[in-house]
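Trainee: Sequence plus predicted model, see below.
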Amino acid sequence: MTPTLRLASRNDAPLIAQLSRDRIEQGLGWSWTTPRVLRSIRDRETNVVVALDGAEPLGFGIMKYHDDEAHLLLLAVRVDRTRQGVGTALVAWLEHSALIAGIGQVSLEARATNTSARAFYGRLGYREVQRVPGYYQGREACVRMAHALHIGRAVPG
């Protein structure tokens, strides 16, 4: 199954916020609320992309672009649609956008305890570059990961 990807609209913000709460922020409190997601959707330096199967939302990604680096802020896929290529398609779309913008590196943070996310990003070429104790609300460590993009990479379909 290849999902359809598109930039998020204002109407997508509540679902994105809910997925963030349920799939990313569990146990930490909810910081990516609908108003915060809306700010990202409106931010000219941020792409918020959603993955769909027809009209059915499957997941999302949020990436902030800087001069020479992009930061993958959030990525989540519905639990019943994991391991079906949705996350890979979202990351590929966001990385391609970074390449078009002339950006050569993407960074992200993942919970140190989230071994499946770390393995997923590792399969996509991300390497662990730093461990930060107490990164998440002073309670949980993160692992910073980075990936150098290459101009010759295939363009997502």
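Mentor: Now that the structure is in, tell me what you want to look at. Numbering: from 1, shown residues only.

Trainee: correct me, but T2 touches Q84?
Mentor: No - counting by CB atoms under 8 Å, T2 does not reach Q84; the two are 9.6 Å apart. Every C-beta, even on glycine, is put in place using the N, C-alpha and C of the backbone.

Trainee: Specify the next element, helix or strand, located C-terminal of the lengthiest helix in the chain.
Mentor: Scanning the chain for the helix with the most residues, using DSSP state H, yields helix 86-100. Toward the C-terminal end, the helix or strand that comes next after helix 86-100 (DSSP states H and E) is strand 105-111.

Trainee: count of neighbours near P133?
Mentor: For P133, the count of nearby residues is 10 (other CB atoms under 10 Å).

Trainee: so it touches R139, yeah?
Mentor: No - P133 is beyond contact range of R139, at 9.9 Å (criterion: CB under 8 Å).

Trainee: Please, where are all the helices along this protein?
Mentor: So, for the chain - with DSSP H - the helices run 13-19, 34-42, 86-100, 115-123.

Trainee: Those helices: which one's closest to Q26?
Mentor: Relative to Q26, the nearest member of those by CB to CB is helix 13-19, separated by 11.1 Å.

Trainee: Buried residues in the closest one, which are they?
Mentor: With burial defined by 16 or more other CB atoms under 10 Å, the residues of helix 13-19 counted as buried are A13, L15, I16, A17, Q18, L19.

Trainee: Ranking helices and strands of the chain by mean pLDDT, which lands last?
Mentor: Taking mean pLDDT, DSSP states H and E as the measure, the helix or strand of the chain with the lowest value is strand 127-136, at a mean of 86.

Trainee: what comes into contact with that strand?
Mentor: Strand 127-136 is contacted by residues 28, 107, 109, 111-112, 118, 122, 140-147 when judged by CB atoms under 8 Å, 6 or more residues apart in numbering.

Trainee: before we move on, what about stretch 92-112?
Mentor: Outside of stretch 92-112, the residues that reach it under the criterion CB under 8 Å, 6+ apart are 5, 47, 49, 61, 63, 65-66, 68-73, 75, 117-118, 121, 126, 129, 131-132, 135-136, 140-149, 151, 153, 155-156.

Trainee: if we take the buried residues of helix 13-19, which one ends up nearest to A55?
Mentor: Checking the buried residues of helix 13-19 one by one against A55 (CB to CB), the nearest turns out to be L15, at 11.7 Å.
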